[in-house]
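1. just coords:
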């Protein structure tokens, strides 16, 4: 492991971010464009913003935005921090392959492995990875005993943007062993040790502009930033955290975008995340000096409303083709709700709800012949509410997209 003076010699002593504008202009500017926890939400979702219902997100809008940024942004690098899998019937139907098609169209460069990528086990994940034209990374996932996944992802990727080499290190929450289905042949290592090792390897190769693409969660990313030496930016996921500033009272950001943390050398590390389901896209512009030092930065979490970007016509047409078998399944009515069943995240992750009780009662009823006496439903497994009226297959899968409601979800 490199000593402190060796790290500094490699060019990691960052200058104050108040450096003169002229010096910043002489550096290299990189624009990180990022998403996380999209969870198969290929179509827009409806949000209430300033009292008005508004369609937000969707892959067709994201494709249009990415196309515009490729022409206008300074050296854009398109990243996803994991959990592309699981969340709507598109995943049940296509097992991530529909998402992969649109990620190719949007020209993502690097994706981190999230915990939900392991929900169906190594086989379906391998199918997704084998056809990926973007790099997939995780430094703390050990598949040395799992031949189906060997060689399909790496601890980090080195990508060239604007003539500069950028190191992108992946991390996956070690809780994946318990909250997903990786099987006994996949191991999860300590994220900090794995990340620091990858940083030193990149520095030894002359790569001093380093981004950690993390699926650990916002709180864990802040802890990591305080311990890790050598990485200037952590682009996160897993906790579905909204950062930034918005004019809509319905939105409650958890912190600034970016959140700035001091590393062990007393230098600034930028921590960002882009909420969930493609409802925002993170835009972080960073200027580096020749030795990798941070000179300047600015950024925002862009809410993906119709004003932010129109929907790309051809992406929307492609989505319609993918939607046909999904729509047929979604429309099948299987029950009726006599009252609104509450599954809002802010409710079910904090207290009891009638929908949570119904799900637990259903599990108890289904397993009564086995002598079951108690059934528990964790709030994180409930992903949507059910309004009063007909209940369709689509709504059930929206509420419980994994099909196994006792799994822990984040």
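-> Arrived safely. Computed from a predicted structure; not experimentally measured. Numbering: from 1, shown residues only.
2. which residues does residue 316 contact?
-> The contact partners of residue 316, taken as C-beta atoms under 8 Å, 6 or more residues apart in numbering, are residue 60. Backbone N, C-alpha and C define where each C-beta goes, glycine included.
3. Which pLDDT value belongs to it?
-> Per-residue pLDDT puts residue 316 at 98.
4. Name all residues that make contact with residue 60.
-> Contacts for residue 60 (C-beta under 8 Å, 6+ apart) come out as 311, 312, 313, 315, 316, 319.
5. Including secondary structure, could those residues go into CSV?
-> Below are the contacts of residue 60 laid out as CSV (DSSP: H, G, I helix; E, B strand; the rest coil):
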residue, secondary structure
311, coil
312, coil
313, helix
315, helix
316, helix
319, helix
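6. Name the nearest residue to residue 306, sequence neighbours excluded.
-> Closest residue in space to residue 306, ignoring its immediate chain neighbours: residue 55 at 6.6 Å, by C-beta to C-beta, 6 or more residues apart in numbering.
7. show me where the stretch 201-350 of the chain has strands.
-> In the stretch 201-350 of the chain, the strands defined using DSSP state E, counting those that start in this stretch lie at 210-215, 233-236, 259-262, 268-273, 280-288, 294-303, 333-337.
8. Tell me which strands the fourth one pairs with, and in which orientation.
-> Spelled out, it's strand 268-273. Here strand 268-273 has these sheet partners by DSSP bridges: strand 233-236 (parallel), strand 259-262 (antiparallel).
9. For residue 177, which residues are in contact?
-> With contact taken as C-beta under 8 Å, 6+ apart, residue 177 is in contact with 186, 187, 188.
10. Take those residues and lay them out in CSV including secondary structure.
-> Shown next, in CSV, are these (three-state DSSP):
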residue, secondary structure
186, coil
187, strand
188, strand
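11. Are any of those residues buried, and if so which?
-> 186, 188 (16 or more other C-beta atoms under 10 Å).
12. Now do the buried residues in whatever helix or strand the residue nearest to residue 306 lives in.
-> Using DSSP states H and E, residue 55 sits within strand 52-56. Neighbour-count burial for strand 52-56 flags 54, 56 (criterion: 16+ other C-beta under 10 Å).
13. The helix or strand following that strand to strand 52-56, inter-axis angle?
-> For strand 52-56, the following helix or strand on the C-terminal side (DSSP H and E) is helix 59-72. Inter-element angle recorded for helix 59-72 and strand 52-56: 70 degrees (by axes from the mean of the first three to the mean of the last three C-alpha atoms, to 10 degrees).
14. now helix 59-72, how far from the chain's geometric center?
-> Distance of helix 59-72 from its chain centroid, counting by C-alpha atoms, centre = their mean, to the nearest Å, is 18 Å.
15. Which other helices and strands does the very next helix or strand once past that helix contact?
-> Using DSSP H and E, the helix or strand that follows helix 59-72 towards the C-terminus is strand 76-80. In terms of contacts (3 or more C-beta pairs under 8 Å, 6 or more residues apart in numbering; DSSP states H and E), strand 76-80 is packed against strand 28-35, helix 59-72, strand 110-112, strand 156-161, strand 164-172, strand 210-215.
16. helices or strands up against the third one?
-> What it means is strand 110-112. Secondary-structure packing of strand 110-112 (3+ C-beta pairs under 8 Å, 6+ apart): strand 76-80, strand 135-137, strand 164-172, strand 210-215.
17. Now tabulate the ones you listed in JSON lines and tack on distance to residue 331.
-> Below are these laid out as JSON lines (distance: least, C-beta to C-beta, whole Å):
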{"stretch": "strand 76-80", "distance to residue 331": "30"}
{"stretch": "strand 135-137", "distance to residue 331": "34"}
{"stretch": "strand 164-172", "distance to residue 331": "36"}
{"stretch": "strand 210-215", "distance to residue 331": "34"}
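18. Could you say which of these is packed most deeply?
-> Stretch with highest mean neighbour count among the helices and strands packed on strand 110-112: strand 210-215 (a mean of 29; mean count of other C-beta atoms under 10 Å).
19. strand partners of that one, parallel vs antiparallel please.
-> When pairing is defined by DSSP bridges, strand 210-215 lines up against strand 164-172 (parallel), strand 233-236 (parallel).
20. Include distance to residue 107 and mean pLDDT when you put these into JSON lines, please.
-> JSON lines is the format used below for the strands paired with strand 210-215 (distance: least, C-beta to C-beta, whole Å; pLDDT from 0 to 100):
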{"stretch": "strand 164-172", "distance to residue 107": "15", "mean pLDDT": "98"}
{"stretch": "strand 233-236", "distance to residue 107": "17", "mean pLDDT": "98"}
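21. For the strand holding residue 55, give the mean pLDDT please.
-> For strand 52-56, the per-residue pLDDT averages 97.
22. Just checking: what are the partner strands of it?
-> Counting by DSSP bridges, the strands paired with strand 52-56 are strand 45-49 (antiparallel).
23. Understood, closing this out.
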